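Participant: Test case, fold it:
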Amino acid sequence: MAEKIGVEDLKKKKHEFIIIDVRELDELETGKIDGSAHMPLGLVIRNANKGEINDLKEKKICTYCRNGYRGNIAADELNKKGFRAVTLDGGFDTWNIK
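Facilitator: Down below sits the predicted model:
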């Protein structure tokens, strides 16, 4: 399981992270975190396995999905490949609540 970051902490430290939205394209209609990159979960895993995002290994990454499940999987898989990734606790559903 990947380390989690809370909404308030991420809002304060947003500039420190590459934020990756791992939701599917149709889910973006509900909004997204400003400045986040869209890369669905399957693509995150494939890109990490193929070494296509190795340039991000020197960065801190925060992944998120709608409620946290897929974001956790993405961060966990990235960490297994040598990245420094956390996931947004509760996902995008928590982003606009606080």
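
Participant: ok, now which ones touch residue 67?
Facilitator: 90-93 (CB atoms under 8 Å, 6 or more residues apart in numbering). Quick note: C-beta positions are derived from backbone N, CA and C, even for glycine.

Participant: Ignore what I typed, I meant residue 63.
Facilitator: Counting by CB under 8 Å, 6+ apart, residue 63 has contacts 2, 19-22, 44, 71-72, 74-75, 78, 85-88.

Participant: ditto for residue 18
Facilitator: By CB under 8 Å, 6+ apart, residue 18 lies in contact with 37, 56, 59-62.

Participant: Let's have those residues in a markdown table, adding distance to residue 28, secondary structure and neighbour count.
Facilitator: A markdown table is the format used below for the contacts of residue 18 (distance: CB to CB, whole Å; DSSP: H, G, I helix; E, B strand; the rest coil; neighbours: other CB atoms under 10 Å):
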| residue | distance to residue 28 | secondary structure | neighbour count |
| --- | --- | --- | --- |
| 37 | 12 | strand | 14 |
| 56 | 21 | helix | 18 |
| 59 | 22 | coil | 13 |
| 60 | 23 | strand | 15 |
| 61 | 19 | strand | 23 |
| 62 | 17 | strand | 26 |
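
Participant: Fine by me, thanks again.
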